[in-house]
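**Student:** I'd like to go over a predicted model; first the sequence, then the structure.
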Amino acid sequence: MNLIIQEYFNQIELRLLENPIYEDYSILRKDLLYNEAKIRILINLTNGDSMELFEYLEDNMGKLESKKCSFHWQSKNRKLKLRWDNAPHHKELDNYPHHIHFEENRIKPNTFSPNILDFLTEVDNY
């Protein structure tokens, strides 16, 4: 078991349990190998919104690196509010492939390589 990745997963769950905006969550996938992991979480917010978070990450000599991610937040009416991902499209954007989708099909580059905890901080501050 990789203790660095396990601690990261623990931090995610603690954030979801401690913040009252998160009504409930389900971990759909949690694969943990020696130096890599995948996690997929469905989250319901108290206002009726929902989120689906996916991340594939690796432990690179004690530093976690998010290799693939999609953090999707939608309103209770199923309209996109915010999605951070690193799908290999939008090559024209700075910091490719990291980018953010907003309502009304607006897209901008993400200035860093995010992880789930970064996204939850953004949701907390929204």
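**Tutor:** Looks like it arrived, so ask away.

**Student:** Next, the buried residues of stretch 94-102.
**Tutor:** Neighbour-count burial for stretch 94-102, with 16 or more other Cβ atoms under 10 Å as criterion, is recorded at 97-101. No exception for glycine: its C-beta is placed from N, CA and C like everyone else's.

**Student:** which other residues reach that stretch?
**Tutor:** Residues external to stretch 94-102 that are found in contact with it (Cβ atoms under 8 Å, 6 or more residues apart in numbering): 80-91, 93, 107-114.

**Student:** Just give me the longest helix of the protein.
**Tutor:** Looking only at the chain and at elements set by DSSP state H, the helix with the highest residue count is helix 3-18.

**Student:** How far off centre is that helix?
**Tutor:** Using Cα atoms, centre = their mean, to the nearest Å, the mean C-alpha position of helix 3-18 is found 13 Å from that of the whole chain.

**Student:** average pLDDT across stretch 117-126?
**Tutor:** The predicted model gives stretch 117-126 an average pLDDT of 91.

**Student:** And for that stretch, what's in contact with it?
**Tutor:** In contact with stretch 117-126 (Cβ under 8 Å, 6+ apart) are residues 8, 11-12, 15-16, 19, 21, 51, 53, 71, 73, 81-82, 84, 112.
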